[in-house]
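Visitor: Sequence and predicted structure are below.
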Amino acid sequence: MKSPMLHMLALAVSALAATAAAAQEREVHVYNWSDYIDPSILEDFTKETGIKVVYDVFDDNSLLETKLLAGGSGYDVVVPTGPFLQRQIKAGVYRKLDKSKLPNISNMWPEVMTRLAKYDKDNEHAVNYMWGTTGIGYNIDKIKAVLGDTPIDSWDVLFKPENAAKLKACGINVLDAPDETFAIALNYLHKDPNSKEIADIRAAGEVYSKIRPYARSINSAAYINDLANGDICITIGWSGDILQAKKRAEEAKNGVKINYVIPKEGTYMWFDNLAIPADAKNVEEAHAFINYLMKPEVIAKASNYVQYANGNLASQQFVDKEILDNPSVYPTKEVLGRLFTISPYEGKSQKEVTSVWTKFKNGR
C-alpha cells in the first residue's frame with residue numbers, strides 16, 4: 001500500500017500531466033486572407049503561449065461572409081474588410097471584444113481607429129490588422145513599350161477603352177472585388193463613390209463592361225504571381241499585393257520591374273480587421289492571438305512581410321524604412337485627403353452589384 005505522501009505526490013504529478021496535456025490542446029482557428037502573414041509569426045506565437053494556430057485562408061470577402069452567416073464556421077479569429085464588417089456586425093455574427101484582455105491595443109493609431117469606427121462604432125468588435133489602397137500595379141517596361149512616355153498616374157490608363165485595347169496583348173487583370181471596384185469607377189465618373197443608386201451601379205458597371213474584351217483575367221489572388229512573372233502587364237490591385245509582386249520579381253531576378261501608383265483621381269482606402277465570431281469556441285485564445293499581433297514588433301514583422309501599412313502606430317519604429325517611407329504604402333496627408341471609404345451594399349443595391357459584376361465576369 002502506498003504511503004499518504006506518495007499518494008499525494010502521485011496525484012500532484014497526475015494533475016500536472018493533465019494540465020500540460022490541456023495546455024498542449026489549446027488551439028485558435030484563424031481564417032485570414034491568402035499571402036497575408038509571415039508564417040514565423042504563427043510559430044512564435046505558439047512557442048510563447050503554447051496555443052496551436054490552425055490557419056486557413058480565403059481570397060474573397062464573400063467566402064468569409066457565407067461561412068459566418070451560415071453559423072458554425074469553426075473559426076475563432078477572422079479578418080473582414082470594413083464594409084463587410086459593418087454589415088456582419090448588424091447581422092450579429094461577432095462578439096464584442098473584451099478589451100481588458102487586449103492591453104496592446106494601446107499601441108493603435110488613432111487616425112486609423114477613427115476611420116475604422118465608421119464601420120464599427122466605438123471600435124467594439126474589431127482591431128485593425130492592415131490597411132491600404134486599391135490602385136494600379138504595372139510592369140514598367142511593358143507599359144512603356146505600349147504607351148511610350150504616357151504618365152501612369154490616372155485611371156484613364158485602364159478605363160479608357162482605347163488604352164485598354166492597346167494593353168490587351170501584354171495582359172490586363174481586374175481585381176475581383178466589386179464593392180471597391182464599383183466605388184472606384186463611380187469616383188472616376190465624378191459620382192459619389194458611396195452611392196447605392198441602381199443607376200449609378202449600372203454606370204459603374206458600364207466602365208468595366210467597355211474594357212471587358214481586353215481583360216485577360218479577373219481575380220484577387222493569382223494576379224500577384226502573374227504580375228511578378230510578367231504574365232500580365234497591368235492590374236487593378238491592392239497596394240501590398242503589388243509590392244509583394246515587386247519583391248518576388250526582384251528575388252527571382254527575372255528582369256520584371258513593377259510599380260504601384262495611387263491615381264490622381266483618388267481611390268478606395270480599405271481596412272482589414274481582426275474580429276471574433278459570436279460562436280467562437282476558443283475565445284480566450286482568440287484574444288491572446290489578437291493581443292500578440294498588436295505587439296509593435298510583431299505587427300511590424302507582418303507589415304515587412306506583406307508590404308502593407310498596419311493600424312499600430314507604435315510599430316512604425318520597427319517597420320522597414322523602405323516600406324515606411326514609401327508613399328504608396330504610407331500615403332502623405334495630401335494623398336490621404338483623396339482617399340475615400342464606403343458603406344456596405346445591402347438589399348437591392350447588393351443584388352444589382354452581384355448581377356452587374358457577374359455579367360461582367362462572364363463577358364456579357
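Guide: Ah, there it is. Numbering: from 1, shown residues only.

Visitor: lowest average confidence, helix or strand, in the chain?
Guide: Lowest by mean pLDDT, DSSP states H and E among the helices and strands of the chain is helix 4-25, with a mean of 51.

Visitor: Give the other helices and strands that the helix or strand following it contacts.
Guide: With elements assigned by DSSP states H and E, the helix or strand that comes after helix 4-25 is strand 27-33. On a contact count with 3 or more CB pairs under 8 Å, 6 or more residues apart in numbering; DSSP states H and E, strand 27-33 meets strand 52-58, strand 77-78, helix 283-293. The way it works is simple: take the backbone N, C-alpha and C, and place the C-beta from them, glycine included.

Visitor: Using PDB, list the CA coordinates for stretch 299-309.
Guide: Extracted in PDB, the C-alpha atoms of stretch 299-309 (Å, rounded to 0.1, in the frame of the first residue of the first chain):
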ATOM      1  CA  ILE A 299       2.700  43.500 -36.400                       C
ATOM      2  CA  ALA A 300       5.700  45.400 -37.900                       C
ATOM      3  CA  LYS A 301       7.100  42.000 -38.900                       C
ATOM      4  CA  ALA A 302       3.800  41.300 -40.600                       C
ATOM      5  CA  SER A 303       4.000  44.600 -42.400                       C
ATOM      6  CA  ASN A 304       7.600  43.900 -43.500                       C
ATOM      7  CA  TYR A 305       6.400  40.600 -44.900                       C
ATOM      8  CA  VAL A 306       3.200  41.600 -46.700                       C
ATOM      9  CA  GLN A 307       4.300  45.100 -47.600                       C
ATOM     10  CA  TYR A 308       1.100  46.800 -46.100                       C
ATOM     11  CA  ALA A 309       0.700  49.500 -43.600                       C
END
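
Visitor: and it, which residues are buried?
Guide: Going by neighbour count (16 or more other CB atoms under 10 Å), the buried part of stretch 299-309 is 299, 300, 301, 302, 303, 304, 305, 306, 307, 308, 309.

Visitor: Helix, strand, or coil at the third one?
Guide: This points to residue 301. helix (DSSP: H, G, I helix; E, B strand; the rest coil).

Visitor: Was I right to think it contacts residue 318?
Guide: Yes: with contacts counted by CB atoms under 8 Å, residue 301 reaches residue 318, the gap being 7.4 Å.

Visitor: For residue 230, give its distance to residue 102.
Guide: 43 Å (CB to CB, to the nearest Å).

Visitor: again with residue 235
Guide: Where residue 102 is concerned, residue 235 sits at a distance of 36 Å (CB to CB).

Visitor: And for residue 128?
Guide: Where residue 102 is concerned, residue 128 sits at a distance of 12 Å (CB to CB).
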